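S.K.: Got a sequence here, can you build the structure:
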Amino acid sequence: MQSEVCGCFTMSGVYRAPAFVFALLFYGVFLTTKAQTPTPSPAPTPCALRSNTSCAECLENVTCLWCTPTKQCMDYPVRNILPPSGVCPLNDARWGLCWVNFQILIITMSVVGGVIIIGLCVCCFCCCKCERIGNKREEVQVERQTRARNSRQKAKRTEMQLRHDEIRQKYGMAKDNPYARMNDH
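M.R.: Residues are numbered from 1 along each chain as shown. Alright, predicted model coming up:
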């Protein structure tokens with residue numbers, strides 16, 4: 001009985017329930033996504049129709065630029081990064097927020113950018129300098145360790161040589177001249 005119930009989910013002994021569940025979930029997500037497509041919002045009011053109102057009302061639309069002295073709401077000149085002075089002086093132009101004018105925005109952004117660049121340069125300089133100092137300290141320490149290792153090695157070599165000489169003397173193989181081997185028969 002159990003093999004009949006599970007038989008619909010098996011294929012060559014492989015359990016297919018995860019694939020079925022995945023397909024069901026994918027289909028459900030697809031339907032809910034399709035059902036939740038947003039309805040198009042009404043077209044925003046053109047900026048020119050918001051002239052002679054308030055700055056806040058004009059800047060509700062992000063494509064609008066407010067000029068304070070003339071109380072004009074106009075489309076932001078997207079071809080230029082900054083609005084030309086013929087459209088509205090930078091000191092009087094408002095975009096995004098009514099209390100921020102372009103002149104202050106430019107000065108603030110320049111100062112913040114300069115501080116960030118100087119900060120990065122100082123950090124890079126300090127890191128490089130500290131790394132060089134660290135390398136010098138490390139080199140001195142490695143040199144000290146090498147000298148200590150060499151002196152220990154030399155002491156062991158002389159100790160070994162003395163032991164070998166003692167053994168040679170004990171068995172009568174000591175030679176006064178190290179080059180005497182050549183003269184022996």
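S.K.: Confidence-wise, which helix or strand of the chain is lowest on average?
M.R.: With mean pLDDT, DSSP states H and E as the measure, the helix or strand of the chain carrying the lowest mean pLDDT is helix 2-7 (a mean of 44).
S.K.: Sketch out the low-pLDDT regions of the chain for me.
M.R.: 1-44, 131-134, 174-185 (pLDDT under 70).
S.K.: And the strands in this structure, which stretches?
M.R.: Taking DSSP state E as the criterion, the chain carries its strands at 10-11, 14-15, 64-67, 72-75, 93-95, 97-101.
S.K.: Of these, flag the one that's most buried.
M.R.: Comparing the strands of the chain by mean neighbour count (mean count of other CB atoms under 10 Å), strand 64-67 ranks first with a mean of 23. Where you see a C-beta, it was placed from the backbone N, CA and C, and this is true even at glycine.
S.K.: Show me this structure divided up by domain.
M.R.: 43-100, 108-170 (the TED database).
S.K.: Residue 59 is in contact with residue 99, isn't it?
M.R.: No - taking CB atoms under 8 Å as the definition, residue 59 is not a contact partner of residue 99, at 10.6 Å.
S.K.: Kind regards, and thank you for your time.
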